[in-house]
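[1] Provide a 3D model corresponding to the input given below.
(chains A and B)
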Amino acid sequence: MWRAELIGAWVVLLLGLFIVVFSIPLKYYTDLGPGAGFLPFWIGVGVVVGGVVELIKVFRIKARTEMGSFLQPRSKLGFQMLALIVISFVIVPFVGFSVGLALCTAAAMRVIGKHHITTCAITAVLSAVFIHVVFALWLDIPLPMGLIGW
Amino acid sequence: MELWNNLMMGFSISLTWENLLYCLAGCIVGQLVGVLPGIGAPTAVALLLPLTFSVNPTSAIILFAGIYYGVAYGGTITSVLINVPGESSSVMTCLDGYQMAKQGRAGAALSVAAIGSWIAGTLSVVLLMSFAPALARFALRFGPPEYFGLAMMAFGMLTVFGGGDPMKIIISTLVGLFISTIGLDVMSGVPRYAFGTPQLMGGIDFIVIICGIFGLAEVFNSLEQEEERGLLKQKIKLKDMFLTWGDWVASRWAIFRGGVIGFFIGLIPAGGITTASFLAYLAEKRVSRHPEKFGTGLIEGVASPEAANNAASISGFAPLLALGVPGSPTTAVMLAGFMMWGIRPGPLLFQNNADLVWGLISSKFIGNLLLLLMNIFLIPIFVSLLRVPYTILMCFIVIFASVGAFTTNNNLFDVWMMLGFGILGYVMNKIKYPIVPLVLALVLGRLAENSLRQSLMISGGDYSIFFTRPISLLFMVAAILAYLTPLFRWALKKAGYGKVTLNVESL
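    Sure thing, here's the model as predicted:
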């Protein structure tokens, strides 16, 4: 966790620098008053200062090994879910929103929940019908249809 | 008399069949969300918000209000029966509620929580009715410097009530402010941090962010935690739900005190319902004749925090409606809803949208009554919901979050963006950067920036404008004191006054 805190502090510092650097081309002050770059510049400065303070705090931690680990035994499940969501978003333009998310549901139930394959299949079909009927038909949301029209 | 007429007008709106159904639906969803660990009120409102684009704003806000205070009721069930708070606002209820359940008094614990919530909720609505219009009249005097001061005070209060590392709270607030600056600058029309991406020109939609940072991040975080659902094998009969005279005598003042504390904490921007329940529990322990018995199953230990969290969930609407400043993450999400429906909360809301305001306020009487009945007669049904596998719930969160993000602009770019914010929320949670300041800053960012720039235009660049107007001065002083609170705490700790924080461990 110490390393995660260290990386976090560096990311904050770099984000602050990014905000400051890209606020410079924006006008800081105009004839009327503060310009578009005024607040972003000071936000950036604040984030940089925050990042530096966090870095100092991280380096001053003595009991680094007692902070625990960023990854927990069950973190794998979160990453599996993330992978399934990414895959479903990638296939949505081809299979449609309803089918894409229904497949994600089935896969998540099987891989993460360890449910029986029949339960997963039934839930997937019901999910696809639910998404299509509620969102596409009832609420009239123009969800991507994909190649099969769902 | 005017108050009475307004209330009657409100009832004529909230008692229509359509609004009654929305109120009932909100209460049921809120109760469910409260019961199910791993999903909170902001998430529920965020996920449902995009689906109310076409709904009448009054009905939609009645629905969301029902969810908000329904959660405060529902969170009690898991606190009492499995010692896991369904909501952070029910953490304190675990201490005595679970002990009562172990002693075979789960029914009494749930009952006093429901009755206490109802009494405090009703008291809070009555106070809100008198307080919110007065606050709105007061806020009519606000100009840009006052609004900037108010926003600063709201951000500052996060360091007082946020309960985490103050520097991380400040960083999180600044990041939220930064995200709010992305897109075309409202005043000059200059694009900021969009890098030529058309989807970023209009800024990042708030709904996309909250669907990710609350919805998806909660999925990743919940999957990581061990499921601990050791439901007490205790049958709760209807007769167990009725309080004895002794229970009533022991809890009546606790309910009253909790209600009053909750009401006032709810009024403070960023005060929040969790803080209200913490403070009410602390206060009850302090005034008790037997403080050593707290945590062993005292009925006052359940009545007070439950009354406080419900009262705060209702009074939290006062700053939102009267000032346009949200007091909690859920009301921050609701503020985004108001903007989505083209309504600007603030002092003029009471004049321009009186039907919405009074329809909402009157619906709280109805919603509280519905929840009281649900919590006495339908407890076994809600308890059975604890057996629903989390995987199914999780998949539905993903579906609602994805559809919600998609509906904002009908493109998949926003869905990917939502996923990015989900990962950000997960990482922030892991390394203990609080999410609430980011969300609050995101919502108030435009208001803060515009009022800052307008103020400096009025004064010709003179910063003393924030300290020479009385109301603005008051807000700025409160903000400065709030930012200095961590230093005060540190100094007190150094001086040997112990740990002055709002942690459960410190109780």
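[2] rest of the way, CA atoms for contacts and neighbours
    Fine.
[3] helix/strand/coil for the residue of the stretch 1-150 of chain B found nearest chain A?
    Nearest residue of the stretch 1-150 of chain B to chain A, counting by C-alpha to the nearest C-alpha: B:Leu51, 7.3 Å away. Per DSSP: H, G, I helix; E, B strand; the rest coil, the local secondary structure of B:Leu51 is helix.
[4] list the contacts for it?
    A:139, B:404 (C-alpha atoms under 8 Å, 6 or more residues apart in numbering or on different chains).
[5] okay but B:Arg344 is in contact with B:Gly324, surely?
    Yes: counting by C-alpha atoms under 8 Å, B:Arg344 touches B:Gly324, with 7.3 Å between them.
[6] following the helix or strand containing A:Ala9, which helix or strand shows up next?
    Here A:Ala9 sits within helix A:2-23, counting by DSSP states H and E. Using DSSP H and E, the next helix or strand after helix A:2-23 towards the C-terminus is helix A:38-60.
[7] Next, see if that next one gets close to chain B.
    Yes: using C-alpha under 8 Å from any C-alpha of the partner chain, helix A:38-60 reaches chain B at A:39-40, A:43-44, A:46-47, A:50-51, A:53-54.
[8] Off-centre distance for that helix?
    Distance of helix A:38-60 from the chain centroid (C-alpha atoms, centre = their mean, to the nearest Å) equals 23 Å.
[9] Taking their axis directions, it and helix A:2-23 sit at what angle?
    Put simply, helix A:38-60 runs at 160 degrees to helix A:2-23, going by axes from the mean of the first three to the mean of the last three C-alpha atoms, to 10 degrees.
[10] does the most centrally placed residue in chain A count as helix, strand or coil?
    Nearest to the geometric centre of chain A sits A:Leu82, at 9.1 Å (C-alpha atoms, centre = their mean). Classification of A:Leu82 by three-state DSSP places it in helix.
[11] Run a quick neighbour tally on residue 138.
    Using chain A. 10 (other C-alpha atoms under 10 Å in any protein chain shown).
[12] The intended chain is chain B.
    Residues near B:Phe138, counting by other C-alpha under 10 Å: 13.
[13] low-scoring stretches of the chain, by residue?
    All of this is about chain A. A:63-68, A:148-150 (pLDDT under 70).
[14] meant chain B, my bad for not saying
    Using pLDDT under 70, the flagged stretches of chain B are B:1, B:37-38, B:86-87, B:162-163, B:226-238, B:240, B:270-272, B:497-507.
[15] what about the closest residue in space to A:Ile43 that isn't next to it in sequence, helix or strand, and which?
    Excluding its sequence neighbours, the residue lying closest to A:Ile43 (C-alpha to C-alpha, 6 or more residues apart in numbering or on different chains) is B:Leu174, at 5.9 Å. Taking DSSP H and E as the definition, B:Leu174 sits inside helix B:166-181.
[16] could you give the angle of that helix to helix A:2-23?
    Using the same axes, to 10 degrees: helix B:166-181 against helix A:2-23 is 40 degrees.
[17] Please name every helix or strand in contact with helix B:166-181.
    helix A:38-60, helix B:144-161, helix B:436-459 (3 or more C-alpha pairs under 8 Å, 6 or more residues apart in numbering or on different chains; DSSP states H and E).
[18] Tell me how far whatever helix or strand comes next after it lies from the chain's centre.
    Next in sequence after helix B:166-181, counting helices and strands by DSSP H and E, comes strand B:183-184. Strand B:183-184 has its C-alpha centroid displaced from the chain centroid by 29 Å (C-alpha atoms, centre = their mean).
[19] ok so, going back, hmm, which two among the residues of helix A:38-60 next to chain B are most spread apart?
    A:Leu39 and A:Glu54 (22.2 Å; C-alpha to C-alpha).
[20] and among the helices and strands packed on helix B:166-181, the most buried is which?
    helix B:144-161 (a mean of 25; mean count of other C-alpha atoms under 10 Å in any protein chain shown).
[21] Report whether it contacts chain A.
    No: using C-alpha under 8 Å from any C-alpha, helix B:144-161 stays clear of chain A, with a minimum separation of 12.7 Å.
[22] got the angle for that helix vs helix B:166-181?
    Note on geometry: by the same axes, to 10 degrees, helix B:144-161 and helix B:166-181 are set 140 degrees apart in direction.
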